[in-house]
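**Q** what follows is a predicted protein model with its sequence.
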Amino acid sequence: MRRIYAPLIAIVLTLALGSAQAAAAEGVSANDALVNDIAKSIQFGPLSAASVATDESDEPIFADECVQTTSLFAPDPAATGGEQWQLLPRGLIYRPYLAGVKESRMAGVWNYDNGNGRIWDITLGGQAPLVRYGVPGNGRPEGIQISIEGAGQVRLDRDENCDVEATDYRFGVPITWGNAVHQNKLAIYHLSSHLGDEFLLKHPGFPRLNYSENVLVYGHSVNPADDWRVYGEVGYGFDVEIAEPWEFQFGVEWAPSTWTGFRGAPFFAVNSYLREEVAFGGNFVAQTGWAWRRDPASGMFRVGLQYYNGKNEQFSLFNDSEQKFGFGIWYDF
């Protein structure tokens, strides 16, 4: 141990002697000079961005592009200064029709039908963007986009132990393009309708129809002012059974298009859906209530009232008429 301490003591004495000599020349005490030398060598003090960063540039210390990647093909949106390819982007260019009851979304509407009593119409599904060429960010989506959509649309009879009366299944692939004012949709979708097991057991003589259709659709949507939307679409069924080829849909919406906060904002929507197999009688739907949206690219959550009048919403019962009024909750992607 003495062999280890001896060199250390010699080094300290040498430093002290040097400090004392320098202090004597400058008029500073030996103790103060030694403390100053130690403080300068250790450089005590609070950490700051200036003390940590050694590069004089404003770039972040961790400038790894792999860590900052926000899209598949263009890792730095700011560097491109405009449109770029994006994998699984946020938001839909062509949004579902708010009062369109056959759109793919998450929804539940507790209805009372004048002829069928209490019924519960449920939609379990949604729409998701796959790839887009456009401007990234949280603003209103613009560019060209490929998406998928699908849903199971179920009717439960609340007066019969919530028996499944019928279910429509839908799946589609929309190609959409547009900007903040005009949006277009070219899509193909399949829809098939099936009666529920409980319904068939309680109505053994009821005719079971194999209603199905594959439809090619073109739609155009216009936002003439903030929160307003007008749209129309035409569809042609190139492979149908029971259904007839032509269908038309149009409507008007007034709903929040940007951040609403927790307070939310009112909405109102009407939709008409006309189909050839019912002599273009179709149905009319009106909705009103309260809505919440996070930003222009997000989905929208709604609660409110719905009025439905026309042919049956379930296409296995397409020739029946119904008039119903109810309370609903919806989430539109």
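**A** Structure received.

**Q** any idea what the closest residue in space to Asp197 that isn't next to it in sequence is bridged to?
**A** Of all residues not flanking Asp197 in the chain, Val164 sits nearest, at 6.9 Å (CB to CB, 6 or more residues apart in numbering). Every C-beta, even on glycine, is put in place using the N, C-alpha and C of the backbone. Per DSSP bridges, the residues bridged to Val164 are Leu156.

**Q** with only the CA atoms kept, save stretch 188-198 in PDB.
**A** Provided in PDB are the C-alpha atoms of stretch 188-198 (Å, rounded to 0.1, in the frame of the first residue of the first chain):
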ATOM      1  CA  ILE A 188     -65.700  -2.400 -57.000                       C
ATOM      2  CA  TYR A 189     -67.700  -4.100 -54.200                       C
ATOM      3  CA  HIS A 190     -69.400  -7.300 -53.500                       C
ATOM      4  CA  LEU A 191     -72.600  -7.600 -51.400                       C
ATOM      5  CA  SER A 192     -74.500 -10.700 -50.500                       C
ATOM      6  CA  SER A 193     -77.400 -11.000 -48.100                       C
ATOM      7  CA  HIS A 194     -78.500 -13.900 -45.900                       C
ATOM      8  CA  LEU A 195     -81.500 -14.600 -43.600                       C
ATOM      9  CA  GLY A 196     -80.800 -15.500 -40.000                       C
ATOM     10  CA  ASP A 197     -81.100 -19.000 -38.700                       C
ATOM     11  CA  GLU A 198     -83.500 -18.000 -35.900                       C
END
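
**Q** how many neighbours does the residue nearest to Ser192 when sequence neighbours are not counted have?
**A** Leaving out its chain neighbours, the residue that sits closest to Ser192 by CB to CB, 6+ apart is Ser212, at 4.1 Å. Neighbourhood size, Ser212 [other CB atoms under 10 Å]: 18.

**Q** what does Cys162 give?
**A** If you count neighbours by other CB under 10 Å, Cys162 ends up with 13.

**Q** try Leu87
**A** Leu87 has 11 nearby residues by other CB under 10 Å.

**Q** how much space between it and Gln145?
**A** Using CB to CB, to the nearest Å, we find Leu87 at a distance of 11 Å from Gln145.

**Q** give me the common contacts of these two.
**A** Common neighbours of Leu87 and Gln145 (criterion: CB atoms under 8 Å, 6 or more residues apart in numbering): 130-131.

**Q** give me the buried positions along stretch 180-199.
**A** Using 16 or more other CB atoms under 10 Å as the test for burial, stretch 180-199 gives 183-185, 187, 189, 191-196, 198-199.

**Q** which of those fall in helices?
**A** Of these, the ones assigned to helices by DSSP state H are 198-199.

**Q** could you point out the longest strand in the chain?
**A** strand 117-134 (DSSP state E).

**Q** elements contacting that one?
**A** On a contact count with 3 or more CB pairs under 8 Å, 6 or more residues apart in numbering; DSSP states H and E, strand 117-134 meets strand 84-87, strand 106-113, strand 143-157, strand 163-178, strand 321-332.
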